[in-house]
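In: Below are the sequence and a predicted model; questions follow.
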Amino acid sequence: MGVYTRELINALKKNNTVSIHEFSSFRDIPKEVDLVHFTNFDPFFLTLPFIFNKPFVVTVHDLTPLVFPEHFPRGIRGELKWQIQKWNISPAARIITDSIISKNDVVNILRRPADTIDVVPLASSSAFIKPISTDAVKRVAKKYAPPKRFAMYVGDVNWNKNILGLLNAWQILVAKGAMRFGEKLFLVGQAFLGDSTEAKTIDTYVKKFHLESSIERVGQVSDDDLPAFLSQASVCVLPSYYEGFGLPVLEAMSAGTVVIATHGGSLKEIAGPSLICDPDDNESIARKIEEAFSLSQSKREELIREGHAWAKKFSWDRAACETIAVYNTVINPSI
């Protein structure tokens, strides 16, 4: 079960206006339900039934591979699955997206009327919002041994994430001697340890510019450790060309970390008090990282306070209420 599905179900269960039945396969859907919500639409995997006789809602998080097809080759099988998924989603009563930019993508790519699409933003999970325990911080310090000042990236390695831009920016700082206190960049995400073309390209770059001592690819960090790890970072960087939402921005702010982001895709909607860089300009990314490392204590505390306040505007209780409103629109269209 993905983060979105888990957090949404937990929030919906706290709301006594709806009764929730979870299912893991189509055959497990109870016959008596009024509406079905498919929470995971993937253009290249068959996540929707071919024929369905119940009113249903679908959440479409991200259509980035279809916005930039030249960077996400789908092949014959991928194209076939995309055509099937496009057909299967067409009868949906409503579509939920995470952001305005994703809504626009659904309108343009699925040819869906805008008035049948609802924007319901995501939020940080409670693990990032709760006070982070001293024990968790000590556990992270022992496991990963981060230096006093370090940057983090959390996410995947796809083209739109602009990891090579981040590595270029880091190399610029190393070359100019800006990393004189042993600063490190931690790359968090299982994909960094995989054998994809992107992961191999990253490995080649790190070795070519002799960045092994200052860049660590730590792979997947557990849900128990990630909030504490983020809370100790000097900065969390999301240098994306394009995002359908960009949840690490809110997670880092909730954990009390300064954030660097771009205005790529939905990030212009959720970046809030982030330090903004240009994803097409490696020097811009480098300058913002250097700025984040050099912040005065008072300015850092100010940005952290603003980040906390901004992240609180996004909550799973809010997402649940707005999702229920979508359900009611389908079940009781006359109200």
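Out: Thanks, I have it.

In: okay, CA-based contacts and neighbour counts for the rest of this
Out: Will do.

In: Report the buried residues of stretch 26-45.
Out: V36, H37, F38, T39, N40, F41, D42, P43, F44 (16 or more other CA atoms under 10 Å).

In: Can you tell me what sits against that stretch?
Out: Contacts with stretch 26-45, where a contact means CA atoms under 8 Å, 6 or more residues apart in numbering, come from 4-5, 21-23, 47-49, 54-61, 63, 74, 78-79, 81-82, 85-86, 327, 330-331.

In: Check stretch 160-167 too.
Out: Stretch 160-167 is contacted from outside by 64, 155, 157, 202, 205-206, 238-243, 279-282, 285-286, using CA under 8 Å, 6+ apart.

In: re the thing from before, just the buried residues of the contacts of stretch 26-45.
Out: 4, 47-48, 55-61, 63, 74, 81-82, 85-86, 327, 330.

In: ok so M152 is a strand residue?
Out: Yes - counting by DSSP: H, G, I helix; E, B strand; the rest coil, M152 is found in a strand.

In: burial measure for it, as a count.
Out: Counted with other CA atoms under 10 Å, the neighbours of M152 add up to 23.

In: Spit out the contact partners of it.
Out: Here M152 is in contact with L185, F186, L187, V188, L230, A233, V235, C236, V237 (criterion: CA under 8 Å, 6+ apart).

In: From these, which land in helices?
Out: Among the contacts of M152, the residues falling in helices (DSSP state H) are L230.

In: farthest-separated two in the contacts of M152?
Out: Spatial extent of those (CA to CA) is set by the pair V188 and V235 at 13.4 Å.

In: Of the two, which one has the most company?
Out: Comparing V188 with V235 by other CA under 10 Å, the one with more neighbours is V235, at 29 against 20.

In: Hmm, that one is touching G256, no?
Out: No - the criterion here is CA atoms under 8 Å, and V235 misses it with G256 at 9.7 Å.

In: Where does pLDDT dip in this structure?
Out: Scanning the chain for pLDDT under 70 picks out 1, 334-335.

In: Strands of the stretch 1-150 of the chain, start to end?
Out: 36-38, 56-60, 94-97, 117-119, 150-154 (DSSP state E, counting those that start in this stretch).

In: What ranges does the stretch 151-300 of the chain have for its helices?
Out: 163-175, 197-208, 226-232, 247-255, 267-270, 282-294, 297-311 (DSSP state H, counting those that start in this stretch).

In: now those helices as JSON lines including distance to K142 and mean neighbour count?
Out: Shown next, in JSON lines, are the helices of the stretch 151-300 of the chain (distance: least, CA to CA, whole Å; neighbours: other CA atoms under 10 Å):
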{"stretch": "helix 163-175", "distance to K142": "25", "mean neighbour count": "20"}
{"stretch": "helix 197-208", "distance to K142": "25", "mean neighbour count": "15"}
{"stretch": "helix 226-232", "distance to K142": "11", "mean neighbour count": "24"}
{"stretch": "helix 247-255", "distance to K142": "19", "mean neighbour count": "27"}
{"stretch": "helix 267-270", "distance to K142": "33", "mean neighbour count": "20"}
{"stretch": "helix 282-294", "distance to K142": "23", "mean neighbour count": "20"}
{"stretch": "helix 297-311", "distance to K142": "25", "mean neighbour count": "17"}
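
In: okay, those helices in CSV with distance to R94 next?
Out: Output for the helices of the stretch 151-300 of the chain, formatted as CSV (distance: least, CA to CA, whole Å):
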stretch, distance to R94
helix 163-175, 34
helix 197-208, 35
helix 226-232, 34
helix 247-255, 23
helix 267-270, 22
helix 282-294, 38
helix 297-311, 27
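
In: show me what contacts G78?
Out: With CA under 8 Å, 6+ apart, G78 has these contacts: F44, F45.

In: that older thread, distance to S294 added to the strands of the stretch 1-150 of the chain, as a markdown table?
Out: Shown next, in a markdown table, are the strands of the stretch 1-150 of the chain (distance: least, CA to CA, whole Å):
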| stretch | distance to S294 |
| --- | --- |
| strand 36-38 | 45 |
| strand 56-60 | 39 |
| strand 94-97 | 37 |
| strand 117-119 | 37 |
| strand 150-154 | 12 |
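
In: Just put the buried residues of stretch 26-45 in TSV and tack on distance to D98.
Out: TSV is the format used below for the buried residues of stretch 26-45 (distance: CA to CA, whole Å):
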residue	distance to D98
V36	19
H37	15
F38	14
T39	12
N40	12
F41	12
D42	14
P43	16
F44	19
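
In: Between which two of those residues is the distance greatest?
Out: Those two in those that are separated most widely, counting by CA to CA, are V36 and F44, at 21.2 Å.

In: Which of the contacts of stretch 26-45 fall in helices?
Out: Y4, T5, G78, E79, K81, W82, Q85, K86, Y327, V330, I331.

In: which of those lies closest to T116?
Out: V330 (10.1 Å).

In: ok, now how distant is that closest one from I100?
Out: 21 Å (CA to CA, to the nearest Å).

In: Same check on L122?
Out: For L122, the distance to I100 - CA to CA - is 12 Å.

In: OK, contacts around S284?
Out: Counted by CA under 8 Å, 6+ apart, S284 has contacts A169, C277, D278.
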